[in-house]
Structures are given as structure tokens and as C-alpha cells.
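S.K.: Please work out how this folds:
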Amino acid sequence: MALDKQHTGTTNPMAATWTEAAKVRRAFKAGRRLKKDRELTPTVAIHEACILLEKLRNAMHEAALPVEDVRASVVLMVPNYVPERDAVHVLRISESAQLPGLFRRAEEIDAADRVLTLGLGVWQNDRETGSAVGWIQPYLIGQRAANAMRKAQKVLMESEGGEVIRFEQARGVAGRD
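M.R.: Sure thing, here's the model as predicted:
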């Protein structure tokens, strides 16, 4: 009977081993999995990513962690005839002054190809463990989306948060850092 009482609590026995960053991460990764595709335009996804980034920064601040240790990105997929060759774009949400360049870049990608919004990417640096973690909060389901998310996660981790979009107002040219 003592064993039953021990496991009926709502706390996770591993919670004592989590770092503060892991606690923040767990709060944002929790939730039900999608059962059907959620179709969003890149513009709406950028807005949602901005909201997510603000919530992540607030959670990091409340946990007394540096807010620059978390980044959010919009992940776009350009389907190819061969699913293994689907192109993935990870567009990092930058500071608000640079958002017009991000919107233009997403429009350029969308105008050039048929774009699907794959999801939102999150990158987090955990200073206590000395490692970084990245994950994609998906908008699409299925094997093709899962393959694209693996590609996107690799880009997210290699670039520490995704492709950075800059906007040079003098020339009006959007580019990548």
C-alpha cells in the first residue's frame, strides 16, 4: 500500500534533478500532440513566434536566467516532388526593429515556392549543464513533416537558434547573417 501512495502524487520524481532552464523548457514543451495539420500563413506564424518568444523570455526572467539564452524561429517547409528533398527554412525572430526584414524574407520564400508553415523552433542554452537544446513545436503532422522537422532541428542547433535575417534599409535588401 505504501508503494501506491508514493506514486499517486502529481509530482514527477525526476523533477529534483532538473535545472532551472529545464523547468522552463518543460513548461513550453508540455501539451497534447496535434491530431491534424494546423495551417498557418508565414505571417501569422511570425506573429505567434513573437508571442512565444516573449513568453519564453518572461519565463526565463522569472527563473532568474538570462533572457538571451532563449531564441524562437519560424520554420517553413518548401515541398519538393521527393519528400526527402523538401527544403526547410528556419527564420529566427530578431529584435522588433528587424521584424520588417523577417516578414519580407518570409514573403520572398512564399512567393518563390509553395510554402507550408512547419512550426515554431525554440533554442535554449542551459548554462548549468553547459549544453543547448532545440525543439520544434509542430503545426504539421505525418512522416513528411517529421522528416522536415529533423532537418529543421539540425539547422536550429547548428545555427544556435536559426538563420538570422538582417535588413539593410539603405539598400532595401534582405539577407542572411
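S.K.: can you count the residues close to residue 118?
M.R.: By the criterion of other C-beta atoms under 10 Å, residue 118 has 28 neighbours. All C-beta atoms are positioned from the backbone trio N, CA, C, and that covers glycine.
S.K.: Let me see the confidence value for it.
M.R.: On pLDDT, residue 118 comes in at 93.
S.K.: Output the below-cut-off pLDDT ranges for the chain.
M.R.: Filtered on pLDDT under 70, the chain yields the residue ranges 1-16, 30-32, 164-177.
S.K.: so where's the longest helix in it?
M.R.: Scanning the chain for the helix with the most residues, using DSSP state H, yields helix 42-62.
S.K.: I'd like the distance from that helix to the chain centre, please.
M.R.: Offset of helix 42-62 from its chain centre (C-alpha atoms, centre = their mean, to the nearest Å): 9 Å.
S.K.: where along this structure do the helices fall?
M.R.: Using DSSP H, helices in the chain cover 2-7, 20-29, 42-62, 99-112, 143-158.
S.K.: What lies in contact with the last one?
M.R.: What it means is helix 143-158. 73, 75, 77, 79, 83-84, 86, 88, 90, 118-119, 121, 123, 132, 134-136, 138, 140, 162-163 (C-beta atoms under 8 Å, 6 or more residues apart in numbering).
S.K.: now do the second one
M.R.: Around helix 20-29, the neighbours that count as contacts under C-beta under 8 Å, 6+ apart are 15, 18, 52, 55-56, 59-60, 63-65, 69-70, 122, 124-129, 133, 135, 137.
S.K.: Let me see the contact set for residue 125.
M.R.: Per C-beta under 8 Å, 6+ apart, neighbours of residue 125: 21, 69-70, 132, 160.
S.K.: Return the members of those residues classed as buried.
M.R.: In those, burial by neighbour count holds for 21, 69-70, 132, counting by 16 or more other C-beta atoms under 10 Å.
S.K.: Dump these into CSV; add distance to residue 46 as well.
M.R.: What follows is those, written out as CSV (distance: C-beta to C-beta, whole Å):
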residue, distance to residue 46
21, 25
69, 22
70, 17
132, 23
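S.K.: Looking at the helices of the chain, spot the one closest to residue 36.
M.R.: Residue 36 sits nearest to helix 143-158 of all the helices of the chain, at 11.6 Å, using C-beta to C-beta.
S.K.: rewinding a little: now the angle between helix 99-112 and the longest helix of the chain, please.
M.R.: If you take axes from the mean of the first three to the mean of the last three C-alpha atoms, to 10 degrees, helix 42-62 sits at 140 degrees to helix 99-112.
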